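Novice: please work out how this folds:
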Amino acid sequence: MSVSTTDSALYVGLMSGTSADGIDAALVRFAANGTALQCELVLGRTFEWEDVIRAQLITLGQGSDAVTLDQIGRLDAQVGLAFAQATQRLLSDANVSRSAVAALGSHGQTIRHRPLADPPFTWQIGDGNLIAERTGITTVADFRRRDVAAGGHGAPLMPAFHAALLHSPDEDRAVLNLGGIGNFTLLPAHGPVRGFDTGPANALMDGWCERHTGKPFDAAGTFAAQGQADATLLQRLLDDAWFALPPPKSTGREQFHLAWLGEALQGLDLGPADVQATLLQLTVRTIADALRQQQPHTRRVLVCGGGVHNRALMAALAAALPDSAVESTAGHGLDPDYVEAMGFAWLARETLAGRPGNLPSVSGARGERVLGVIHPA
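Specialist: Numbering: from 1, shown residues only. Here you go, the predicted model:
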């Protein structure tokens, strides 16, 4: 099979993260400027999940076993069809034909991530066959499992992409993704790239906000700003053994969910806003502690993901990291809402070129691997 990977080719990246708050779709053009990679976001769109599908994804992601194989199989197909429809709508909005797209990279939707199980596994649904069939575009999907098969965590997968676009030889940097789960890419001026999950970022805050206000997320952090963080609850949450694990480490909603929070709340009488404020501080503390431990001389933290719009969260992070400039990736040419979707477009490009997409220094894999399964158009 021959697929064009020329600099003029377009790629589509599709991403739905831990929060399952929508499908991010990015139409991307890559170009090489000498040895440097340039990445142009031609168009980005976010498409909402159908309410019933989103509810099923969240239930599964939180570790529910009360489902049948038929339900999972149907959901796998529904997610694939939704990803295909998102691609079609993206290309229509961009007035771009499918023939102009070299390939599509789909993350899928994680329903289980167990890198420490025996044997370890990770599972992202969203049938790549259906995406390729409905879009007529060569689709690369199922990126994480090859890294897990090689002894890695299969996550995070964005550090190689971040390194290609955001590394500086003049300062130690970190890229912070504030999705449902927080994760860092550490980009020292000199030395190996590293990356790891820090724990819950938006997933717990979103879930608690939706339960108590009916809104799917805490816009600008106004709900959290109405409360006061509780030291007892915060310490109970921080006492979870996962936070003390050294990198490589990764996690998901099956580890940090509202039932986990409920256990820590037992015996406490707190208002909903106080709990929200505590969850925001949990995100801040775990991020700040991890950065101080792993790259203490970081001068710049480049933030992407939905949390970049939470003003209360960004202000708290800046206060907790006074020696680092905390700023959006937007100032460095990457739309913070579509960095991950753009990254999966890049991973598709790397796969088709036969180049590895993982970093063993990040995931703990035994070596570099070409990632993903190719579904020809």
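Novice: show me where this protein has its helices.
Specialist: 51-61, 69-94, 128-135, 144-149, 159-166, 203-213, 222-225, 231-238, 258-265, 272-294, 311-320, 339-352, 360-363 (DSSP state H).
Novice: the first one: which residues count as buried?
Specialist: Translated: helix 51-61. For helix 51-61, a neighbour-count test (16 or more other Cβ atoms under 10 Å) marks Ile53, Arg54, Gln56, Leu57, Ile58, Leu60, Gly61 as buried. Placement of C-beta: from N, CA and C, glycine included.
Novice: which other helices and strands contact it?
Specialist: When contacts are defined as 3 or more Cβ pairs under 8 Å, 6 or more residues apart in numbering; DSSP states H and E, helix 51-61 sits against helix 69-94, strand 109-114.
Novice: contacting residues around the worst-scoring helix or strand of the chain on mean pLDDT?
Specialist: Ranking every helix and strand in the chain by mean pLDDT, DSSP states H and E puts helix 51-61 at the bottom, with a mean of 88. With contact meaning Cβ atoms under 8 Å, 6 or more residues apart in numbering, helix 51-61 is reached by 16, 18, 20-21, 48-49, 67, 71-72, 75, 78-79, 82, 109-112, 207, 252-254, 257.
Novice: filter those residues to the buried ones?
Specialist: Buried among these by 16+ other Cβ under 10 Å: 16, 18, 20-21, 49, 75, 78-79, 82, 109-112, 207, 252-254, 257.
Novice: returning to that earlier point: what is the orientation angle of the least confident helix or strand of the chain with helix 258-265?
Specialist: Taking axes from the mean of the first three to the mean of the last three Cα atoms, to 10 degrees, helix 51-61 and helix 258-265 form an angle of 60 degrees between their directions.
Novice: and helix 51-61, how far out from the chain's middle?
Specialist: 17 Å (Cα atoms, centre = their mean, to the nearest Å).
Novice: over to stretch 114-124?
Specialist: The answer for stretch 114-124 is 18 Å, by Cα atoms, centre = their mean.
Novice: just the pLDDT for Asn177.
Specialist: Per-residue pLDDT puts Asn177 at 97.
Novice: could you dump stretch 342-360 to PDB, C-alpha only?
Specialist: Extracted C-alpha coordinates of stretch 342-360, given in PDB (Å, rounded to 0.1, in the frame of the first residue of the first chain):
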ATOM      1  CA  MET A 342      -3.300  17.300  16.000                       C
ATOM      2  CA  GLY A 343      -1.000  14.900  17.800                       C
ATOM      3  CA  PHE A 344      -2.900  11.900  16.500                       C
ATOM      4  CA  ALA A 345      -2.800  13.300  13.000                       C
ATOM      5  CA  TRP A 346       0.900  13.400  13.400                       C
ATOM      6  CA  LEU A 347       1.000   9.900  14.800                       C
ATOM      7  CA  ALA A 348      -0.900   8.600  11.800                       C
ATOM      8  CA  ARG A 349       1.700  10.300   9.600                       C
ATOM      9  CA  GLU A 350       4.600   8.700  11.500                       C
ATOM     10  CA  THR A 351       3.000   5.300  11.300                       C
ATOM     11  CA  LEU A 352       2.500   5.400   7.500                       C
ATOM     12  CA  ALA A 353       6.100   6.500   7.200                       C
ATOM     13  CA  GLY A 354       7.200   3.500   9.200                       C
ATOM     14  CA  ARG A 355       8.600   5.700  12.000                       C
ATOM     15  CA  PRO A 356       8.100   5.000  15.700                       C
ATOM     16  CA  GLY A 357       5.600   7.100  17.700                       C
ATOM     17  CA  ASN A 358       6.400   6.200  21.200                       C
ATOM     18  CA  LEU A 359       9.200   7.300  23.500                       C
ATOM     19  CA  PRO A 360      10.500   4.500  25.800                       C
END
